[in-house]
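Colleague: structural data only, the sequence is not supplied:
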């Protein structure tokens, strides 16, 4: 589950293990957990790898043996993960939750823009709008990536400014990252950071996450007071949390290098 400002315990140790199964390489992240009583395996959608949680006193030899015994299980579940979707002509991307057909139009002027789909395009695409990009084919990925990050920054800055103003707090800058396990964070110094991939989510999700992190400027925890303040700032807490639980991991499948 994706979290906010949650970190692994200081006593946890992480290392990597590489397996080979049926001619394919499998990456396994090993985590020693003080509370673990047995070995447990899970597959991560975003990282497209496996995580093996192991007891504190278990040996690396035992961990490798367990992983190798379950290599087939890992391989099957990795293959079941949804395909990644590149920033390339013909891909469909959910910009602000609305499906856009990515169209490379090298002859057009401009860089990246949106426009309605024409009748023939609507018939051949399960999308509502077109996300168009000009220039040479080798520049499509970078131009779309840069455009999406700019749009994410604009939306997040607007949302953060609105929520800080409601609380009469000083304005905060917004940092953008691409983390695997969290959508936003607030440091003890009040620095706010968000995943740029929130631009793929519906606006109510992005607004909730902005409210969540702004609330941490007042309560740097997840206490009842924190949640009361978050509910005051955002009317869609449960709706957004449910959306992220169902769809959040899929935001990481967009943008594989073509």
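Modeller: Yep, it's here. These numbers come from a predicted model, not from an experiment.

Colleague: what segments of this structure are helices?
Modeller: 60-69, 71-79, 119-123, 140-166, 203-216, 224-233, 237-247 (DSSP state H).

Colleague: out of these, nearest to residue 134?
Modeller: Nearest of the helices of the chain to residue 134, taken as CB to CB: helix 140-166 at 8.0 Å. (Glycine included, C-beta is placed from N, CA and C.)

Colleague: next, the angle from that closest one to helix 203-216.
Modeller: Relative orientation of helix 140-166 versus helix 203-216 (axes from the mean of the first three to the mean of the last three CA atoms, to 10 degrees): 50 degrees.

Colleague: mind listing what's buried in helix 140-166?
Modeller: Within helix 140-166, the residues scored as buried using 16 or more other CB atoms under 10 Å are 140-141, 143-145, 147-148, 151-153, 155-157, 159-160, 163-164.

Colleague: coming back round to it: could you tell me the least trusted of the helices of the chain?
Modeller: Ranked by mean pLDDT, the helices of the chain end with helix 119-123 at the bottom, a mean of 64.

Colleague: need the helices of the chain in JSON lines (columns: distance to residue 195).
Modeller: Listed next are the helices of the chain as JSON lines, based on distance: least, CB to CB, whole Å:
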{"stretch": "helix 60-69", "distance to residue 195": "29"}
{"stretch": "helix 71-79", "distance to residue 195": "23"}
{"stretch": "helix 119-123", "distance to residue 195": "30"}
{"stretch": "helix 140-166", "distance to residue 195": "8"}
{"stretch": "helix 203-216", "distance to residue 195": "9"}
{"stretch": "helix 224-233", "distance to residue 195": "18"}
{"stretch": "helix 237-247", "distance to residue 195": "11"}
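
Colleague: out of the ones you listed, the one nearest residue 129 is which?
Modeller: Closest among the helices of the chain, once you apply CB to CB, is helix 119-123, at 10.0 Å.

Colleague: circling back: nearest to residue 107, of the helices of the chain?
Modeller: helix 140-166 (13.9 Å).

Colleague: packing partners of the closest one?
Modeller: strand 92-95, strand 112-116, strand 129-133, strand 174-177, strand 192-195, helix 203-216, strand 254-256 (3 or more CB pairs under 8 Å, 6 or more residues apart in numbering; DSSP states H and E).

Colleague: let me know the angle separating that helix from strand 129-133.
Modeller: 120 degrees.

Colleague: go ahead and confirm residue 200 touches residue 254.
Modeller: Yes. In this structure, residue 200 is within contact of residue 254 by CB atoms under 8 Å, at 6.1 Å.

Colleague: and for the two, which residues touch both?
Modeller: 93-94 (CB atoms under 8 Å, 6 or more residues apart in numbering).

Colleague: okay, the two: which has more neighbours?
Modeller: residue 200 (25 against 21; other CB atoms under 10 Å).

Colleague: residue 209 versus that one, what's the distance?
Modeller: To residue 209, residue 200 is 13 Å away according to CB to CB, to the nearest Å.
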